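1. My questions are about this predicted structure, shown below with the sequence.
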Amino acid sequence: MTSVDNVALGHDAIDREQTRERRESFSAFALNSPAIIWLVFMAVIPIGWSFWTSLHSMNLRRPHRTQFIGLDNYFELLHAPEFLNAIQVTAVFAAGTIAFSLLIGLLLALLLNEEFPGRSLVRALTLVPWAMPPVVVGLVWSWIYDGRFGLLNAIFKSFGIIRESRAWALDPDFAMASLITAQVWHQVPFVTIVFLAALQTIPDEFYEAAKVDGASRLSRFFHITLPWLSQAMLIVLITQTMEALRVFDLVFVLTGGGPGDATTVLGWLTYTRSFSFLDFGRGNSYAFVMAFMTLLLSVFYIRLLWKRGEFAR
Amino acid sequence: MRFGTTRRKFIFGSASAAALAAVKSPAAFAADKGQPESLLRDADEVIDFRNWGSNPPEIIGAHRFLDLHPDVAVQWNNVSFAKYRDALTAEFVGGSKLDSMTIPETELSGWADAGFLAPVDEMPGYEAVAANAVPAAIEAGKGLDGRAYGIPYTMDPFGYVYNRRMLNDAGFGSPPKNLDEIRAQMQAIKKAGINEFPLHLGLKQAPGQMWSIWCFVFGSGGRMFDEENQPLFDGKDDTLSNVLEWYVAAINDWKIVGPDDFGKNWGDGRNDIKQGHVAGGCLARWALRFANVDADSSVRGEVFLGKMPGLERDDVSTVGAFHQIGIAANAQLPEPAWQFIHHISGPEASGSYQTHRERSIAFGGRAAYLPALEHADYVEMVKETNNGETENYNTISEMVRQKEAVKTYWYPEWEAFWMQQVQDALTKKVSVKDALSASAERARRLAKE
């Protein structure tokens, strides 16, 4: 066989290989096409359309006055007092819910990671709030906070903490705390489960070696447990931030954004702008800003935690 | 003993039952003449109608219409009131081919301005309809261009509804005539331990709520907007400011209003008075049926209707809600659609207002036409729901007015902002003056957009 034959053979092999790759690639696309088409129609096009709408002055109460205005909706909202207030309210809500969910979830996970009688039952019961839809959570807490017949008033009155009933969710001093409490109650089970799963992967040898080295319980927690939980913490932070930024159901049922604008979070403002005022142009711009903020925070968390703990090994 | 069955029998049985149900269901629905589905039949013309609710008198009335028009059928679609505005707006924008619909009072002018509604004032018989309706209800059917886009469907004047037994137990023999008397009566009821928070104001932030504020402002002879829909309440007319100052004291100092009132709409107030949880409040007068007639009421026969107390007197005016029924601008069947709404909420071909009257009676009194209001059956219903006292019921019909600026396209957005400001003022986060200045400024800005 001459070198020319070898070269021709080589070209044939390359051609065959390329054809095979093309065929495989085509097959892969063909097999995935239903999912891709579904995604394009159900996510890509609506998101694109939503962004396009946000570039318009579009109020369905005045449909004949719809016009393209570029980024004006985005510039306007930076000066809109209600939007800036909603950012502030959302930040307080997010900080409160994330901090308390994280803390309580971690403590519960540490507790449930220990051996004690009835542990399985307690673990199952811990999940109950998470299994409830947010609207039901809102309804349950609206009865607890009720100004006339609420459980909280009854308890506080029986202990002499208050003399007169309060409508906790509608009181300007307690509305945000009420909202945060309900959200934390709903989210803690998820946080607990994520932390618990991570805790169960920590090898016992680490603790034993640390004990041999004379490390205290606190030192073991901060130098073994906590770093090992970084990955779980990342998941919790991202999911809880998303939950907090997009909260709507609880606000809808518990406070309606009030009293005044004390609990008007971004999700609620977006809803009222879009569906109460039918101002879809601005409503969509609010939604995109909300999504962008979530993305920014997620990137921040990832940069903060990605190289720590388990990932660093 | 074995109760099991084979898989084959189970599947066969289930499929047979499902097939039978599928075949029988339309027939079963059609057989029930109280159901909207019963209005569909093979016909040359099918009127596509949207409504936010239905009740048997209305549907039965529609059957009478079908009897008179053998070539017509009605596709009657119900949408819940909570979703009605969004759903209808989406249908209009999407070019849906609906013919006629009921129209919330807050939407009529906006829908007309957007070109969704057809004017009805040139339809045959409109003048007779207008002549027999309560004037405020006819005015409410007009758009900003002065043309009529609907005919009255319901009229709900608000009055001061009070529990007479509670008032008597606290030492009062007659309802309050002004806000000072409300204060005195409610404080006495509270002091006597009859009710901790006896007054309902309904201060929930929700579209179309906070009726009590409009009640007391109109009851005091005040105005919130002028004819050009420019705000008056930040300087030219102090009534709203005075009413809100009274509210601040009622909530924070006298504590005659419950802490949960910020979460209550007028429907909650209707339930609260029915359960004896409050002693008084501003409610649409058909609420009396719930309190005095319903079998599950805790206060049957104890609740009465008073005129609307103002800052000084109780014989000035009050507010009301006026929903309409109309025709879509792109209706495929405008003439039959007009005949249909003329039948459902108008004089009908017979001139009897029968369907309108029967529906109004079923609801507890929401009639908007004088022939219906004066009919013996209706008068009997008013006597029953008002414990035999009908004078105030009739007086309120004469003094009722629609909310101001409600016809502007920006009203819902202004209202939402105003409600926030009101709640902020009532919780003393801002002063009443600042809340009203901000609200007026918002109204002016929105009007310019």
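-> Right, received. Where do you want to start? This one's a predicted model, so the numbers in the text were calculated from it and none came from an experiment.

2. State the distance from the closest residue to B:Arg285 other than its chain neighbours to chain A.
-> The spatially closest residue to B:Arg285, leaving aside those adjacent along the chain, is B:Gly159, at 5.1 Å (C-beta to C-beta, 6 or more residues apart in numbering or on different chains). Every residue, glycine included, has its C-beta placed from N, CA and C. Counting by C-beta to the nearest C-beta, to the nearest Å, the separation of B:Gly159 from chain A is 25 Å.

3. and if you look at B:Phe81?
-> For B:Phe81, the distance to chain A equals 14 Å [C-beta to the nearest C-beta].

4. what's the neighbour count on that residue?
-> 13 (other C-beta atoms under 10 Å in any protein chain shown).

5. what do you get for A:Leu103?
-> So A:Leu103, with other C-beta under 10 Å, has 13 neighbours.

6. cool, and A:Gly283?
-> A:Gly283 has 24 nearby residues by other C-beta under 10 Å.

7. give me the element it is part of.
-> helix A:280-305 (DSSP states H and E).

8. Flag every buried residue along that helix.
-> A:280-291, A:293-294, A:297-298, A:301, A:305 (16 or more other C-beta atoms under 10 Å in any protein chain shown).

9. where in chain A is pLDDT low?
-> Along chain A, segments meeting pLDDT under 70 span A:1-9, A:306-313.

10. er, chain B I mean
-> If you take pLDDT under 70 as the line, chain B has these spans: B:1-4, B:21-31.

11. which residue does it bring closest to chain A?
-> With C-beta to the nearest C-beta, the shortest gap between chain B and chain A falls at B:Asp260, namely 3.2 Å.

12. who are the neighbours in contact with the residue nearest to that residue when sequence neighbours are not counted?
-> Of all residues beyond its chain neighbours, the one nearest B:Asp260 is A:Gly147 (3.2 Å), with distances taken as C-beta to C-beta, 6+ apart. For A:Gly147, the contact set (C-beta atoms under 8 Å, 6 or more residues apart in numbering or on different chains) comprises A:Asn153, A:Ser165, A:Arg166, A:Ala167, A:Trp168, A:Leu170, B:Gly258, B:Pro259, B:Asp260, B:Gly263.

13. Which helix or which strand is home to B:Leu305?
-> Counting by DSSP H and E, B:Leu305 is found in strand B:303-306.

14. elements contacting that strand?
-> When contacts are defined as 3 or more C-beta pairs under 8 Å, 6 or more residues apart in numbering or on different chains; DSSP states H and E, strand B:303-306 sits against strand B:151-163, helix B:287-292, helix B:391-399.

15. Any chance you could give me stretch B:309-328 in CSV, C-alpha atoms only?
-> Extracted C-alpha coordinates of stretch B:309-328, given in CSV (Å, rounded to 0.1, in the frame of the first residue of the first chain):
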residue,chain,number,x,y,z
PRO,B,309,-74.6,60.2,59.0
GLY,B,310,-72.2,63.0,58.0
LEU,B,311,-70.1,65.3,60.0
GLU,B,312,-73.2,67.2,60.9
ARG,B,313,-76.4,65.7,59.4
ASP,B,314,-77.8,62.5,58.0
ASP,B,315,-80.0,63.7,55.2
VAL,B,316,-77.5,64.8,52.6
SER,B,317,-76.3,62.0,50.4
THR,B,318,-74.6,58.6,50.2
VAL,B,319,-72.6,56.6,47.8
GLY,B,320,-73.6,53.6,45.8
ALA,B,321,-72.3,51.0,43.4
PHE,B,322,-73.8,50.8,39.9
HIS,B,323,-72.9,47.9,37.7
GLN,B,324,-74.1,47.8,34.1
ILE,B,325,-74.8,45.4,31.3
GLY,B,326,-73.8,46.2,27.7
ILE,B,327,-72.7,45.1,24.3
ALA,B,328,-69.2,44.5,22.9
